[in-house]
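# Kindly return the folded structure for what I paste below:
(one chain, ligands or ions: 1)
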Amino acid sequence: MDRHVAIIAASLILAANAPAISAPAGSEPDSAQADPIKVLVGRLDLDRYKATIKGLTQFGDRRQGTDRNRAAVTWIESKLKSYGCSDVSRLKYTYFSTDAQRPSGPPVARNADISVGGARYRGVRAQTGVNEDPMLQPDEKLRALNSQPSQGGAREEVYCTKIGATHPEEMYIVGAHMDGHGWGEAANDDGSGTALVMELARILSAPNVKTERSIRFVLWNNEETGLNGAWAYVTQRAALQGKEDPAGSGRYPEPKWLGMIQHDMMLFDHGMPHTDGSTPTEQRPEADVNIEFQSLAKVADGAQKLAWAFYAANEAYATDYPATVGPHMTNTDSTPFMDLVPAISLRENERGREIGAGWDPQWHQPTDVFATYSDADFRLGLNAAQTTLGAIGRLSGATLSR
Ligand SMILES: [Zn+2]
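Okay, here's the model as predicted:
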């Protein structure tokens, strides 16, 4: 049977068995109580996810060190507050382009065959790079919006926390970076990951959702300059882990890290470039959510275990696209965590072998705008959201109260 026909048939059966009187407002039907995670995942919605990405694009490329970046931080913060997420906070640090670079991935000997993270290139490769020419942005309004240059100095990034009911002293960190560059709207890189994290913060902060362990939602700044926002977080807060403050308060400003999950470029999996350098126009039928851990990390075993937990959650909860696990996580905000705690990334493609080989022609280009993407593209990001919400719901022990 055609899959769509099967879905329609299934929903007809459900409709036929539905009780005549709907459940009282604020409660969930009994069948849903069997798996509260499924109810939570069901609260994700393609239109809402797209609307949050669209909201981020009003700030253009959100380049770090600009007014449009600061305005985006404030907008994200106000959204997190409106969702009821607890302890909305800002981490402060400074960034100057002359700062010493810290590692973006594990040390690997790169050559024509080996990419960042240790991945081996295969097949056709296309040109990649960061666009720095404003005139390549044909939209004059967007060009003007992106025109203020970046200035070194004070930086801020926002986070909030779902506080665990029985283990407030332990947490998972769920992140994405809100800054971008390239003279577009940074819609995919990384509006798509930022919106995913914001949607999870919204759903998990609902008053009838309880988790045993804490979950922190972080929207990193300065990813594109070398993961500086994530490095600042690790530098400032690693030593605070698990400390009750004030003593006896039951409050843990930095719960002990159990895992870090990063989302960076979630939408576009059209496959390998053609030999002429062009890209297939449609989302490929084999599109998948790429879950990567880093086999060279000090906590590789734990990270791999975490990756497979996400794979299992994808099989249980993602509606359209499967997941693939790979060992070459690199060049995103999970890197600064990977030697301290199990850390993974979710992406549209593997970072080294695929994105690094030009599979995403919008990457850091003026074409990374909302209008570039189809619903089949946005749906891949939604499936990553379903995967992470399913996995983090299970790992944190999420339940629903009536
Ligand atoms: Zn990115």
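# C-alpha only now, for contacts and for neighbours.
Will do.
# now the helix ranked longest in the chain: mean pLDDT?
Taking DSSP state H as the criterion, the chain has its longest helix at helix 375-396. Averaged across helix 375-396, pLDDT comes to 98.
# Can you mark which positions in it are buried?
Residues 376-396 are the ones in helix 375-396 that count as buried (16 or more other Cα atoms under 10 Å).
# would you put the C-alpha positions of that helix in CSV?
C-alpha atoms of helix 375-396 as CSV (Å, rounded to 0.1, in the frame of the first residue of the first chain):
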residue,chain,number,x,y,z
ASP,A,375,8.9,21.9,2.9
ALA,A,376,10.8,18.7,2.1
ASP,A,377,13.9,20.5,3.3
PHE,A,378,12.3,22.0,6.4
ARG,A,379,10.8,18.6,7.2
LEU,A,380,14.3,17.1,7.6
GLY,A,381,15.0,19.7,10.3
LEU,A,382,11.7,18.8,12.0
ASN,A,383,12.7,15.2,12.0
ALA,A,384,15.9,16.1,13.7
ALA,A,385,13.8,17.9,16.3
GLN,A,386,11.6,14.8,16.7
THR,A,387,14.8,12.8,17.2
THR,A,388,16.3,15.0,19.8
LEU,A,389,13.0,15.6,21.7
GLY,A,390,12.4,11.8,21.7
ALA,A,391,15.9,11.0,22.9
ILE,A,392,16.2,13.8,25.5
GLY,A,393,12.7,13.1,26.7
ARG,A,394,13.7,9.5,27.4
LEU,A,395,17.1,10.3,28.9
SER,A,396,15.8,13.0,31.2
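# Show me what secondary structure element comes after it.
As assigned by DSSP states H and E, the chain's next helix or strand after helix 375-396 is strand 399-400.
# ok, stretch 215-226 near the ion or not?
No - remark: stretch 215-226 sits outside contact range of the ion, by Cα under 5 Å from the ion, the gap being at least 6.6 Å.
# now the end-to-end length of that stretch.
End-to-end distance for stretch 215-226, by Cα to Cα, to the nearest Å: 25 Å.
# Can you pull out the residues in contact with it?
When contacts are defined by Cα atoms under 8 Å, 6 or more residues apart in numbering, stretch 215-226 is touched by residues 64, 97, 101-104, 155-164, 171-181, 194, 197-198, 201, 227-230, 332-333, 396.
# let's go with 7 Å and repeat that
Outside of stretch 215-226, the residues within contact range by Cα atoms under 7 Å, 6 or more residues apart in numbering are 64, 101, 104, 157-163, 171-180, 194, 197, 201, 228-230, 332-333.
# Could you identify the buried members of those?
By neighbour count, with 16+ other Cα under 10 Å, these hold 64, 104, 157-163, 171-180, 194, 197, 201, 228-230, 332-333 as buried.
# Could you pick out which of the residues you listed are located in helices?
Within the buried ones among the contacts of stretch 215-226, residues falling in helices by DSSP H are 194, 197, 201, 228-230.
# farthest pair in those?
Pairwise distances across those peak at 23.0 Å for 201 and 228 (criterion: Cα to Cα).
# For residue 173, give the beta-bridge partners.
residue 216, residue 260 (DSSP bridges).
# Residue 260 is in contact with that one, correct?
Yes - judged on Cα atoms under 7 Å, residue 173 makes contact with residue 260 at a distance of 4.7 Å.
# show me what contacts residue 320?
Taking Cα under 7 Å, 6+ apart, we find residue 320 in contact with residue 383.
# how near is it to the ion?
For residue 320, the distance to the ion equals 23 Å [Cα to the ion, to the nearest Å].
# Figure out the helix or strand that that residue lives in.
For residue 320, there is no enclosing helix or strand under DSSP H and E.
# Where does pLDDT dip in the stretch 1-150 of the chain?
Counting by pLDDT under 70, the ranges of the stretch 1-150 of the chain that qualify are 1-33.
# Mind jotting down where the strands sit in it?
Counting by DSSP state E, counting those that start in this stretch, the stretch 1-150 of the chain has strands at residues 86-95.
# For residue 209, give me phi and psi.
phi -100, psi 130 (degrees, to the nearest 10).
# Just list whatever residues bridge to it.
For residue 209, the beta-bridge partners are residue 400 (DSSP bridges).
# Residue 398 touches residue 208, doesn't it?
No - using Cα under 7 Å, residue 398 makes no contact with residue 208, being 10.3 Å away.
# For the two, work out which one has more neighbours and name it.
residue 398 (22 against 13; other Cα atoms under 10 Å).
# need the contact list for the more buried one.
The neighbours of residue 398, taking Cα under 7 Å, 6+ apart as the test, are 37, 209-212.
# gap between it and the ion?
29 Å.
# got it, and residue 285?
24 Å.
# how about that residue, secondary structure?
Recorded secondary structure, residue 285: coil (DSSP: H, G, I helix; E, B strand; the rest coil).
# how many other residues sit next to it?
Residues near residue 285, counting by other Cα under 10 Å, number 12.
# in the stretch 201-350 of the chain, which spans are helices?
Per DSSP state H, counting those that start in this stretch, the stretch 201-350 of the chain carries helices over the ranges 228-237, 300-317.
# Mind putting those into JSON lines with mean pLDDT and distance to residue 268?
Converted to JSON lines, the helices of the stretch 201-350 of the chain look like this (pLDDT from 0 to 100; distance: least, Cα to Cα, whole Å):
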{"stretch": "helix 228-237", "mean pLDDT": "98", "distance to residue 268": "24"}
{"stretch": "helix 300-317", "mean pLDDT": "98", "distance to residue 268": "18"}
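# CSV for the ones you listed, including distance to residue 90?
Output for these, formatted as CSV (distance: least, Cα to Cα, whole Å):
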stretch, distance to residue 90
helix 228-237, 10
helix 300-317, 27
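# List just the one of those that sits closest to the ion.
Nearest to the ion, of all the helices of the stretch 201-350 of the chain, is helix 228-237, at 12.5 Å by Cα to the ion.
# Residues of the stretch 51-200 of the chain that sit close to the ion?
For the stretch 51-200 of the chain, the residues in contact with the ion (Cα under 5 Å from the ion) are residue 189.
# Show me what residue of the stretch 51-200 of the chain gets nearest to the ion.
For the stretch 51-200 of the chain, Cα to the ion, closest residue to the ion: residue 189, 4.6 Å.
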